[in-house]
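sequence and predicted structure below; questions after.
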Amino acid sequence: MSSQLPTTGFVRLPQVLSHIPVGRSTWWAGVKSGKYPAPIKLGENITAWKAEDIHKLIADLAAKGGEA
């Protein structure tokens, strides 16, 4: 799996977490609270995030000083 984040499309959680320095439980708590983008269900057992949303999150975190 490439660690580079695609410009468009969907990314799964392991790829998201390779770019956002938090653990799985912290990520899901952030999703629930609205701090992180909501996922999209692509199938019964497939959850992903829009790459554009993750790029925006990274840019927003960088503007705040990088605190995830």
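All right, it came through fine.

low-scoring stretches of the chain, by residue?
Applying pLDDT under 70 to the chain picks out residues 1-3, 66.

buried sites along the top helix by length along the chain?
Longest helix in the chain by number of residues, with DSSP state H as the criterion: helix 51-63. Judged by neighbour count using 16 or more other CB atoms under 10 Å, the buried positions of helix 51-63 are A51, D53, I54, H55, L57, I58, L61. C-beta here means a position set from N, CA and C on the backbone, and glycine is covered the same way.

contacts for that helix?
Surrounding helix 51-63, the residues in contact under the criterion CB atoms under 8 Å, 6 or more residues apart in numbering are 5-11, 16, 19-20, 36-37, 67-68.

show me how to select, in ChimeraX, the buried members of the residues you listed.
Buried residues among the contacts of helix 51-63 (16+ other CB under 10 Å), as a ChimeraX selection:
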select :10,11,16,19,36,37
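
the contacts of helix 51-63 in strands, which ones?
Under the assignment DSSP state E, those contribute F10, V11 to strands.

could I get the contacts of helix 51-63 as TSV with distance to T26?
Conversion of the contacts of helix 51-63 to TSV gives the following (distance: CB to CB, whole Å):
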residue	distance to T26
L5	19
P6	23
T7	26
T8	26
G9	24
F10	21
V11	18
V16	12
H19	14
I20	9
Y36	9
P37	14
E67	12
A68	8
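
among the contacts of helix 51-63, which are in helices?
Within the contacts of helix 51-63, membership in helices is found for V16, as judged by DSSP H.

of the contacts of helix 51-63, closest to G43?
F10 (11.2 Å; CB to CB).

in contact with the closest residue to that closest one other than its chain neighbours, which residues?
Closest residue to F10 apart from its sequence neighbours, by CB to CB, 6 or more residues apart in numbering: A48 at 3.8 Å. A48 makes contacts with F10, V11, R12, P39, I40, L42, as judged by CB under 8 Å, 6+ apart.

quick check: A48 vs G23, distance?
Separation of A48 from G23 (CB to CB, to the nearest Å) stands at 19 Å.

please apply the same query to L61.
The value you get for L61 to G23, if CB to CB is used, is 16 Å.
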